[in-house]
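[1] below are the sequence and a predicted model; questions follow.
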Amino acid sequence: MFAGNFGKKLKITLFGGSHQPHIGVTIEGLPDGVSIDMQHIEWMLERRRPGKSALSTARNEPDKPIVTAGLRDGATFGQPLSIIIENTDVRKRDYRDFYDTPRPAHADYTARLKYGNDLPMSGGGPFSGRMTAPLCIAGAIAAQALEAHGVFIGAHIFSIGAVKDEALDATQITKNILAQIQEKPFPVCSDAAGQRMQAEILTAKKDGDSVGGVVECYALGFPPGIGGPLAEGVESALAPILFGIPAVKAVEFGAGLGASLMRGSAHNDPFYADKADGHAIKTTTNHHGGILGGITSGMPIVVRAGFKPTPSIAIAQDTVRLSTGQAEKLTIAGRHDPCVVPRAVPVVESAVAIGLLDLLLCQPYGL
């Protein structure tokens with residue numbers, strides 16, 4: 001069974017595969033006595049769960065978390081916490097031919113190069129978006145721990161294809177605004193923009209195609225002075241986890257790539273002392289996304305993750321039969337998201353929560 005690991009003090013291990021008996025997560029490094037709200041975990045999983053609308057795959061998994069180790073009376077007690085989700089809606093027959101005829105833009109070919117026959121790849125195996133379910137379990141737990149210390153994390157769909165959501169003010173964003181977005185079935189600021197995004201997804205689906213997009217995430221209340229230069233930076237801590245999310249092809253902070261189009265006079269964020277907040281040092285704009293020199297400034301942390309179009313599409317594609325070297329046309333059957341972005345919103349929140357909690361636990365004073 002494949003396992004993926006990340007984290008310094010908060011060590012996360014994801015295990016299982018899309019069509020294995022179960023998927024799961026083991027979490028090491030949580031302080032003793034952290035209460036785990038299972039309803040919050042189930043709420044996070046429900047937000048990413050498939051099979052709820054025409055916008056997602058028809059695969060319908062209940063995604064019920066099952067604690068197998070690490071809890072006593074609902075709280076951590078110094079042992080690794082392990083939680084699994086049973087896979088109940090599996091169709092291995094949909095994937096039996098892809099070992100010899102790899103799907104374009106999937107990991108079929110590269111996984112065979114590296115692992116040969118040793119890695120079960122049905123459903124995408126450990127490369128599948130299914131692995132984001134246990135990531136959401138870890139993220140829900142990390143978010144609970146952070147919120148107990150005044151840190152709140154929320155995200156929205158920034159764009160689907162060329163359709164963008166209403167922009168949020170990265171200096172004035174509040175917990176209430178983000179929480180309201182989280183409760184929406186389609187998590188956007190502007191419902192009108194959301195309707196256009198959904199139309200974009202359904203048009204791609206009708207064409208047998210797919211579409212990508214961007215999730216924008218905010219972390220509010222994170223203390224200033226956390227992080228460091230070079231590889232010790234906050235960006236360096238968050239980016240590997242975000243890039244571990246299947247289909248993520250780009251990560252940016254603050255103005256991101258847009259900063260390359262700006263002059264310094266426009267990009268630089270002027271400082272001021274906020275008299276209404278005990279003369280706390282803030283910035284009038286937030287192009288730096290709450291991070292300067294790899295260290296948090298106290299402004300909202302802003303991070304965006306760009307997702308590629310779902311590579312499983314109904315349109316015939318060119319591939320090669322590896323056993324013969326002959327060119328072939330490949331048509332992919334099965335159940336697939338025409339766009340992964342709507343279900344990825346809680347996944348991005350989870351990645352950010354895990355990374356930020358690990359950063360806090362790595363401080364000399366911990367939590």
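    Ah, there it is.

[2] how about the helices of the stretch 201-350 of the chain, start to end?
    Using DSSP state H, counting those that start in this stretch, the helices of the stretch 201-350 of the chain run over residues 234-243, 264-267, 341-361.

[3] list the contacts of the shortest one.
    The contact list for helix 264-267, computed with Cβ atoms under 8 Å, 6 or more residues apart in numbering, reads 255, 259, 287. Bear in mind the C-beta positions are built from the backbone N, C-alpha and C, glycine included.

[4] buried ones in it?
    Within helix 264-267, the residues that qualify as buried are residue 267, counting by 16 or more other Cβ atoms under 10 Å.

[5] on that earlier part again, which of the contacts of helix 264-267 are buried? Put it as a PyMOL command.
    To isolate the buried subset of these in PyMOL, counting by 16+ other Cβ under 10 Å, use the following:
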select buried, resi 255+259+287
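
[6] re earlier: of the helices of the stretch 201-350 of the chain, which is nearest residue 133?
    Nearest of those to residue 133, taken as Cβ to Cβ: helix 341-361 at 8.9 Å.

[7] which other helices and strands contact that closest one?
    helix 38-48, helix 132-147, strand 152-160, strand 213-220, helix 234-243, strand 301-307 (3 or more Cβ pairs under 8 Å, 6 or more residues apart in numbering; DSSP states H and E).

[8] ok, residue 43 - how many residues close by?
    15 (other Cβ atoms under 10 Å).

[9] what's the nearest residue to it if we skip its chain neighbours?
    residue 140 (7.7 Å; Cβ to Cβ, 6 or more residues apart in numbering).

[10] measure how buried that neighbour is and give me the count.
    Using other Cβ under 10 Å: residue 140 sits among 27 other residues.

[11] least confident secondary structure element in the chain?
    Using mean pLDDT, DSSP states H and E, strand 3-6 stands out as the lowest-scoring helix or strand of the chain, at a mean of 80.

[12] that strand pairs with which strands?
    If you go by DSSP bridges, strand 3-6 pairs up with strand 11-16 (antiparallel).

[13] could you give the angle of the strand it pairs with to helix 132-147?
    Angle of strand 11-16 versus helix 132-147, following axes from the mean of the first three to the mean of the last three Cα atoms, to 10 degrees, is 160 degrees.

[14] tell me the contacts of residue 40?
    140, 143, 144.

[15] so residue 218 bridges to which residues?
    Beta-bridge pairing for residue 218 (DSSP bridges): residue 154, residue 302.

[16] same check, this time on residue 252
    In beta-bridge terms (that is, DSSP bridges), residue 252 pairs with residue 304.

[17] how about residue 25, secondary structure?
    strand (DSSP: H, G, I helix; E, B strand; the rest coil).

[18] and the closest residue in space to it that isn't next to it in sequence, what does it touch?
    Once flanking residues are discounted, residue 25 sits nearest to residue 134: 3.8 Å by Cβ to Cβ, 6+ apart. By Cβ under 8 Å, 6+ apart, the residues touching residue 134 are 14, 15, 16, 23, 24, 25, 83, 84, 85.

[19] okay, these in CSV with pLDDT next?
    Shown next, in CSV, are the contacts of residue 134 (pLDDT from 0 to 100):
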residue, pLDDT
14, 94
15, 91
16, 85
23, 92
24, 93
25, 96
83, 96
84, 95
85, 93
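
[20] which one of the residues you listed sits in the busiest neighbourhood?
    Top of the contacts of residue 134 by neighbour number is residue 23, holding 28 neighbours under the definition other Cβ under 10 Å.

[21] confirm for me that that one is in contact with residue 88.
    No. With contacts counted by Cβ atoms under 8 Å, residue 23 stays clear of residue 88, the gap being 11.4 Å.

[22] pLDDT weak spots in the protein?
    The chain contains residues with pLDDT under 70 at 1-3, 19, 51-53, 56-60, 89-96, 122-123, 334-335, 366-367.

[23] distance of the residue of it positioned farthest from its centre relative to residue 100?
    Note on the chain: the largest C-alpha distance from the chain mean falls to residue 324, namely 38.2 Å (Cα atoms, centre = their mean). Using Cβ to Cβ, to the nearest Å, residue 324 is found at 9 Å from residue 100.

[24] do the same with residue 121
    Noted for residue 121: a distance of 12 Å to residue 100, by Cβ to Cβ.

[25] looking at the two, which one has more neighbours?
    Shown here are residue 121 and residue 100; by other Cβ under 10 Å, residue 121 has more neighbours (23 against 15).

[26] what sits against the more buried one?
    95, 98, 99, 107, 108, 111, 112, 127.

[27] residue 223: which of these is nearest?
    Using Cβ to Cβ, these come closest to residue 223 at residue 127, 35.5 Å.

[28] and the residue nearest to that closest one when sequence neighbours are not counted, how many neighbours?
    Excluding the flanking residues, the one nearest residue 127 by Cβ to Cβ, 6+ apart is residue 107, at 4.1 Å. Residue 107 is flanked by 21 other residues according to other Cβ under 10 Å.

[29] for residue 107, give me its contacts.
    121, 124, 125, 127.

[30] ok, residue 298 next?
    222, 223, 224, 280, 281, 282, 290.

[31] separation between the residue lying closest to residue 98 once chain neighbours are set aside and residue 151?
    Excluding the flanking residues, the one nearest residue 98 by Cβ to Cβ, 6+ apart is residue 108, at 5.0 Å. Applying Cβ to Cβ, the value for residue 108 to residue 151 is 39 Å.

[32] residue 281 too?
    Relative to residue 151, residue 281 is positioned 19 Å away (Cβ to Cβ).

[33] neighbour count winner among these two?
    residue 151 (21 against 13).

[34] shouldn't that one be in contact with residue 352?
    No. Judged on Cβ under 8 Å, residue 151 makes no contact with residue 352 at a distance of 10.2 Å.
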